[in-house]
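[1] I need the structure of the sequence given here:
(2 chains)
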Amino acid sequence: MAQIVVYGIITGAFYGLAAVGLSLVFGVMRHMNIAHGSFLMIGGFAAYWLFHLLKLDPFVSIPLVMVILFAIGAALYKGLFSHLDKLPEGLKINNSMLVGFGLTWVIDNLAIMFWTSDVRAVTPSYTGKVWHVLPGLRLPVVGLVIIGIASLVIFSLYLTLTRTYFGKSVRATAQDRDAGNLMGINVERTYLIFFALSAALAGIAGVVAAVNYSVYPTVGFEWLLKAIIILVLAGFGKIGQVFAAGLLLGIIEGVSVYFVGATYREVVGLVIFILVLLRRST
Amino acid sequence: MLEIEQIDVYRGDIQILWSVSLAAEDGKITALLGSNAAGKTTLLMTISGLIKPLRGRIRLEGHQIDKQPVHKIVELGVSMVPEGRRLFPEMSVFENLELGAFTRKARETKDQMIEEVFGIFPILKTRKVQMAGTLSGGEQQMVAIARALMSQPKLLLIDELSLGLAPLIMQHISETIKQINITKGLAIFIVEQNVFMTLEMADYGYILENGRIVGEGEAKKLLQSEEVKNAYLGIEEV
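    Sure thing, here's the model as predicted:
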């Protein structure tokens, strides 16, 4: 059982990474970016090619992948999502979902075109290595690194949002856009950077996924689904809760495999999703 | 300080302001009075850049600002206390004040300004770590004014100071504003429905009706004029 929980925590740390960017952008900017999963996929492929072509260790390549995704995120925000910012909240959410869906189609199909639909994984020398800490308890090295990265990300995001002027301006504009503007905050620029940052976070999750699981052009949608379940579990925009919900989902899925078998693993998450939605609506 | 020349302002397809011209002078309190829906808030939003005029010009110290984005206008020295306070409710009083000093220039004098506004409103110091959304109406208005002062503006815009405040608190806050005006020599442009109170603290007043300026004059003279009394103060001679 302890072993199942360990794997659950590792999966959960990845889920948290996958969901945090989506949640922040929705919480602050009211964009429901369906293409977030595709950003993850690009991050995964970036790590894959950097590993295969340049022999770059996937975890070392993270900063580079973040820069790539930051640039892609900035360009897509400027070109597509920023035009929705003038809309009232409800319309903005709906339209950003439509834009995101379209974008997912385009990105995923471009990925198939350029990279084929083969399933790929990044396999550095330490893949599959485990530490036997206690009899019957194995800690995979990759898993520990993932937990470390997730902790680092959540901690630095927390510090950024609470301690820096950028973070404060982000929180302020989330609460009242015009009032933030009247403080001298360049809201458009802040949103651009924030959206790009969220894409960079997707990039980190993508690298993690490519090492711990595998990556292929349409994988983004599966991860998006997990991220949305977590979003509903956690509420919006609170990083701590997002990671807690990620861990919870990871552990519940892990434990459920023990009871209902791996086939129904995906179902468990969706059942939780529906239960939470039913409770929220009352 | 501020000169507005014949601006026409629309919201959607509807024209709200019709060829409005006015000026706010250095070191003076200028009041814009008018009933509900006269276009007062629209005028303030136009000065701060949230709405752009279709025609006409707005100048701040001779520089044209009507085409500048909001954050640039803040940097140039215009600060606003918006209608309904518009604080950041889920942030502490201290963080609200910090955001008031967001512009690069204001950040340098942030600590000193925080001390200064705590001096003006001592009660805020005791509320420093409290979430702004949990304060009373009067305290929220104090935070809104203090936040607007943090950027060390040249011109302070105040929208509906009296909204939702008890008369006693209102009197305290309006006295404080007069005090700020005198000690800092700060130009203040205030928009109000409460004509009586505003004209008592203001130097000069304009009257806005259905989007047009229909009268202006020294505040004291406006207070005396029969026309204003009848139409805006609601003190009809019986």
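[2] just the helices in the chain please.
    Here I'm looking at chain A. Assigned by DSSP state H, the helices in chain A fall at A:2-29, A:36-54, A:62-79, A:89-115, A:141-163, A:165-175, A:177-182, A:187-212, A:219-234, A:239-260, A:265-281.
[3] you answered for a different chain; I wanted chain B.
    Using DSSP H, helices in chain B cover B:40-48, B:70-76, B:93-100, B:104-108, B:110-120, B:122-126, B:137-149, B:167-184, B:195-201, B:219-224, B:226-228.
[4] wait, which of those helices is closest to residue A:239?
    helix B:93-100 (17.2 Å; CB to CB). The C-beta positions use only the backbone N, C-alpha and C, and glycine is treated the same way.
[5] what is the neighbour count of residue A:135?
    Taking other CB atoms under 10 Å in any protein chain shown as the criterion, the count of residues near residue A:135 is 5.
[6] go on, residue B:216?
    For residue B:216, using other CB under 10 Å, the count is 18.
[7] from memory it sits against residue B:206, does it?
    Yes: the criterion here is CB atoms under 8 Å, and residue B:216 meets it with residue B:206 at 4.6 Å.
[8] now the common contact residues for these two.
    Both residue B:216 and residue B:206 are contacted by residue B:22, under the criterion CB atoms under 8 Å, 6 or more residues apart in numbering or on different chains.
[9] hang on, the earlier thing: take the helices of chain A and lay them out in a markdown table including mean pLDDT.
    As requested, the helices of chain A are exported to a markdown table (pLDDT from 0 to 100):
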| stretch | mean pLDDT |
| --- | --- |
| helix A:2-29 | 92 |
| helix A:36-54 | 96 |
| helix A:62-79 | 97 |
| helix A:89-115 | 94 |
| helix A:141-163 | 93 |
| helix A:165-175 | 94 |
| helix A:177-182 | 94 |
| helix A:187-212 | 96 |
| helix A:219-234 | 91 |
| helix A:239-260 | 89 |
| helix A:265-281 | 82 |
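[10] can you add distance to residue B:57 and mean neighbour count and give the ones you listed back as TSV?
    Formatted as TSV, the helices of chain A follow (distance: least, CB to CB, whole Å; neighbours: other CB atoms under 10 Å in any protein chain shown):
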stretch	distance to residue B:57	mean neighbour count
helix A:2-29	34	24
helix A:36-54	45	24
helix A:62-79	31	19
helix A:89-115	33	15
helix A:141-163	40	16
helix A:165-175	29	20
helix A:177-182	21	22
helix A:187-212	25	25
helix A:219-234	47	22
helix A:239-260	46	20
helix A:265-281	51	13
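[11] and of these, who's closest to residue B:98?
    Across these, residue B:98 has its closest neighbour in helix A:165-175 (6.5 Å, CB to CB).
[12] is that closest one positioned near chain B?
    Yes: using CB under 8 Å from any CB of the partner chain, a contact is recorded between helix A:165-175 and chain B, made by A:165, A:168, A:169, A:171, A:172, A:175.
[13] mind checking how far that helix is from the chain centre?
    Its chain's average C-alpha position is 21 Å from that of helix A:165-175, according to CA atoms, centre = their mean, to the nearest Å.
[14] so which elements touch that helix?
    Applying 3 or more CB pairs under 8 Å, 6 or more residues apart in numbering or on different chains; DSSP states H and E, one finds that helix A:165-175 contacts helix A:2-29, helix A:141-163, helix A:177-182, helix A:187-212, helix B:93-100.
[15] that one vs helix A:141-163, what angle?
    Between the axes of helix A:165-175 and helix A:141-163, defined by axes from the mean of the first three to the mean of the last three CA atoms, to 10 degrees, the angle is 80 degrees.
[16] quick check: angle from helix A:165-175 to helix B:110-120?
    Orientation check (the same axes, to 10 degrees): helix A:165-175 against helix B:110-120 gives 50 degrees.
[17] what's in contact with helix A:165-175?
    A:27-29, A:159-162, A:179-181, A:183, A:185, A:187, A:190-191, A:193-194, A:237, B:88-91, B:95, B:98-99, B:102, B:107.
[18] spatially central residue for chain A, please.
    Nearest to the geometric centre of chain A sits residue A:18, at 1.9 Å (CA atoms, centre = their mean).
[19] got the contact list for the closest residue to that one other than its chain neighbours?
    Nearest residue to residue A:18, sequence neighbours excluded (CB to CB, 6 or more residues apart in numbering or on different chains): residue A:205, at 4.3 Å. By CB under 8 Å, 6+ apart, residue A:205 lies in contact with A:14, A:17, A:18, A:21, A:40, A:43, A:223.
[20] now swap in residue B:16 and tell me
    Residue B:16 makes contacts with B:9, B:10, B:39, B:42, B:211, as judged by CB under 8 Å, 6+ apart.
[21] gap between the fourth one and residue A:160?
    This points to residue B:42. Relative to residue A:160, residue B:42 is positioned 37 Å away (CB to CB, to the nearest Å).
[22] residue B:78 pairs with what?
    residue B:155 (DSSP bridges).
[23] burial measure for the residue in the stretch 101-250 of chain A that chain B sits nearest to, as a count.
    Residue of the stretch 101-250 of chain A nearest chain B, by CB to the nearest CB: residue A:184 (3.6 Å). Applying other CB under 10 Å, we find 25 residues neighbouring residue A:184.
[24] what would the contacts of residue A:205 look like in JSON lines with distance to residue A:128?
    Shown next, in JSON lines, are those (distance: CB to CB, whole Å):
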{"residue": "A:14", "distance to residue A:128": "17"}
{"residue": "A:17", "distance to residue A:128": "21"}
{"residue": "A:18", "distance to residue A:128": "22"}
{"residue": "A:21", "distance to residue A:128": "29"}
{"residue": "A:40", "distance to residue A:128": "23"}
{"residue": "A:43", "distance to residue A:128": "22"}
{"residue": "A:223", "distance to residue A:128": "22"}
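[25] ok, which pair from the residues you listed is furthest apart?
    A:14 and A:21 (13.1 Å).
[26] need the residues of chain A near chain B, please.
    Residues of chain A lying close to chain B (CB under 8 Å from any CB) are A:165, A:168-169, A:171-172, A:175-176, A:178-187.
[27] let's go with 6 Å and repeat that
    For chain A, the contact set with chain B under CB under 6 Å from any CB of the partner chain comprises A:172, A:175, A:176, A:179, A:181, A:182, A:183, A:184, A:185, A:186.
[28] hmm, who's touching stretch A:228-239?
    Contact with stretch A:228-239 is made by A:15, A:19-20, A:23, A:26-27, A:154, A:157-158, A:241-242, A:245-246, A:249, A:269, A:273, A:276, as judged by CB atoms under 6 Å, 6 or more residues apart in numbering or on different chains.
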